[in-house]
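1. Return atomic coordinates for the entry below.
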Amino acid sequence: MTQDAVSGILVDALVVTFKVAMPFLGAGLVVGLLISVFQAVTQIQEMTLSFIPKIIVTAVVLVIAGPWMLDQMLAYTREMFTSIPTVVGM
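-> The predicted structure follows:
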């Protein structure tokens, strides 16, 4: 196994990780920003006001984008298992 193969596997793993994590992070960022603006305007400084909407949005993102995320992870796993003989050199 060469350094190029290892770095290729690492890059592919990071790309899949970012693709799967970005819907959660993006939705959390948008909701957090909106809640922060709302808190600044109304001067309500309640911690649960920012926590509960983020949990709800995370659940909604999981329901909507969950099948796509699972497909991405399964495709990567399938690719890794099918490339074992070529990586090992059999």
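
2. tell me which residues of stretch 38-46 are tucked away?
-> Neighbour counts over stretch 38-46 (16 or more other C-beta atoms under 10 Å) mark no residue as buried. To be clear about C-beta, it is placed using only N, CA and C from the backbone, and glycine gets the same treatment.

3. Downstream of the host helix or strand of Ala5, the next helix or strand is which one?
-> Taking DSSP states H and E as the definition, Ala5 sits inside helix 3-42. Per DSSP H and E, the first helix or strand lying C-terminal to helix 3-42 is helix 47-82.

4. before we move on, back to that, between the helix holding Ala5 and helix 47-82, how many degrees?
-> Relative orientation of helix 3-42 versus helix 47-82 (axes from the mean of the first three to the mean of the last three C-alpha atoms, to 10 degrees): 160 degrees.

5. and helix 3-42, which residues are buried?
-> 9, 16, 20, 23-24, 27-28, 31, 35.

6. Could you point out which residue ranges in the protein have low pLDDT?
-> Residue ranges of the chain with pLDDT under 70: 90.

7. middle-most residue in it, spatially?
-> Ala21 (0.8 Å; C-alpha atoms, centre = their mean).

8. what's the burial count for Leu70?
-> By the criterion of other C-beta atoms under 10 Å, Leu70 has 11 neighbours.

9. would you turn the buried residues of helix 3-42 into JSON lines with distance to Met69?
-> Formatted as JSON lines, the buried residues of helix 3-42 follow (distance: C-beta to C-beta, whole Å):
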{"residue": "Ile9", "distance to Met69": "20"}
{"residue": "Val16", "distance to Met69": "10"}
{"residue": "Val20", "distance to Met69": "5"}
{"residue": "Pro23", "distance to Met69": "7"}
{"residue": "Phe24", "distance to Met69": "9"}
{"residue": "Ala27", "distance to Met69": "13"}
{"residue": "Gly28", "distance to Met69": "15"}
{"residue": "Val31", "distance to Met69": "19"}
{"residue": "Ile35", "distance to Met69": "24"}
